[in-house]
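In: the following comprises the amino acid sequence and a computationally predicted model.
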Amino acid sequence: MKKSKLFMGLGALAIAGAVLVAADHIDAPGTMGTTADIADFYAFEPSEGSDNTVFAVDLQSNVLPDLAYGTFDENILTEINIDTDNDLVEDLVIQAIARDGEMYFFGPVAPSATGTSGEIMVDAPLGSVAISTDTAIVETTSDGVSLFAGPRQDAFFFDFFQFNAVIGGMAPEGFKPAGDPNTTDDDDTTGVDTFDGANTMSIVVEIPNSMLGETTGTNALGLTVYKTWVTTNAKQ
């Protein structure tokens, strides 16, 4: 398999399941504020009984829409890792890397190496899409794979200031968080979304399950799933 230059892992965010979400906004100083910083990862069926799986990776949180849109770092390889035999080691990878306003995708294919390093699998092109700015651009390949890359509204809801007040013992008198069994409809539990109005830089792949193959993985509900996680890697 022909490969490109070596990339070493910077960040990783694990997720296992059919319709699960993991979030990790504002990462370590070495990745914060760049598209090496993984914010959210979503993996789900686009509709009940669908034969496709959607992988959505949100990078670099807090990209404000009234400022210039963030860009994808061309030295960062984003890799969606897919485990099909339930051993929590990637059997397939889908890779994405930006070049000159275009996002190029490779895979799904067995990686050259598992773990924290890898190389672009240039012999397994999946497709490409122009990186969106203020208008969303989606490219669908002849294999039925849909691709997107660009800024999206941050889907993460979090009241950061109320969180700090609660853990600091400074919550308002009588405050009951949403979900508290003593909370009633009359209680003021309306949160303020700290991330409202902010964007992330997103990479989205919708792919037929036939291209991913069979899986023996199961989740906590006993459902058959692909176990999957995402990593970002910097060129060495």
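Out: Noted; the coordinates are in hand. Bear in mind the structure is a predicted one, so any value in this text is a computation, not a measurement.

In: just say helix, strand or coil for Ala234.
Out: Of the three states, Ala234 takes strand under DSSP: H, G, I helix; E, B strand; the rest coil.

In: all strands for the protein, in order.
Out: In the chain, the segments counted as strands under DSSP state E are 6-16, 20-23, 38-44, 52-63, 76-83, 92-99, 102-109, 117-119, 125-130, 139-140, 146-153, 199-208, 227-235.

In: which non-adjacent residue is nearest Thr140?
Out: Using CB to CB, 6 or more residues apart in numbering and skipping residues adjacent in sequence, the residue nearest Thr140 is Ser146, 4.8 Å away. The way it works is simple: take the backbone N, C-alpha and C, and place the C-beta from them, glycine included.

In: roughly how far does that neighbour sit from Ala56?
Out: 11 Å (CB to CB, to the nearest Å).

In: where do the contact lists of the two overlap?
Out: Val204, Val205 (CB atoms under 8 Å, 6 or more residues apart in numbering).

In: which of those two has more neighbours?
Out: Ranked by neighbour count (other CB atoms under 10 Å), Ser146 and Ala56 place Ala56 first, with 21 against 17.

In: wait, the more buried one touches Val204, no?
Out: Yes: with contacts counted by CB atoms under 8 Å, Ala56 reaches Val204, the gap being 4.7 Å.

In: about what we covered before: identify the bridge partners of the residue nearest to Thr140.
Out: Thr140, Glu206 (DSSP bridges).

In: what are the contacting residues of stretch 127-138?
Out: Taking CB under 8 Å, 6+ apart as the rule, stretch 127-138 contacts 69, 71-72, 98, 101-105, 139, 141, 145-151.

In: give the contact list for the residue nearest in space to the middle of the chain.
Out: With distances taken as CA atoms, centre = their mean, Val57 lies nearest the centre of the chain, 1.9 Å away. Shown in contact with Val57 (CB under 8 Å, 6+ apart): Ile38, Asp40, Phe41, Thr78, Ile80, Ala96, Ser202, Ile203, Val204, Val230.

In: how long is stretch 206-218 from one end to the other?
Out: 21 Å (CA to CA, to the nearest Å).

In: what are the buried residues along that stretch?
Out: Glu206, Ile207, Met211, Leu212, Thr215, Gly217 (16 or more other CB atoms under 10 Å).

In: so the last one sits against Lys227, correct?
Out: Yes: counting by CB under 8 Å, Lys227 is a contact partner of Gly217 at 4.4 Å.

In: identify the residue spatially nearest to the residue nearest to the centre of the chain, adjacent ones excluded.
Out: Ile203 (4.5 Å).

In: and the residue lying closest to Ser202 once chain neighbours are set aside, how far from Ile76?
Out: Nearest residue to Ser202, sequence neighbours excluded (CB to CB, 6+ apart): Arg152, at 4.2 Å. According to CB to CB, Arg152 stands 18 Å off from Ile76.

In: now Gly168
Out: 35 Å.

In: tell me which of those two has more neighbours.
Out: When Gly168 and Ile76 are compared for neighbours, Ile76 comes out ahead with 23 against 8, by other CB under 10 Å.
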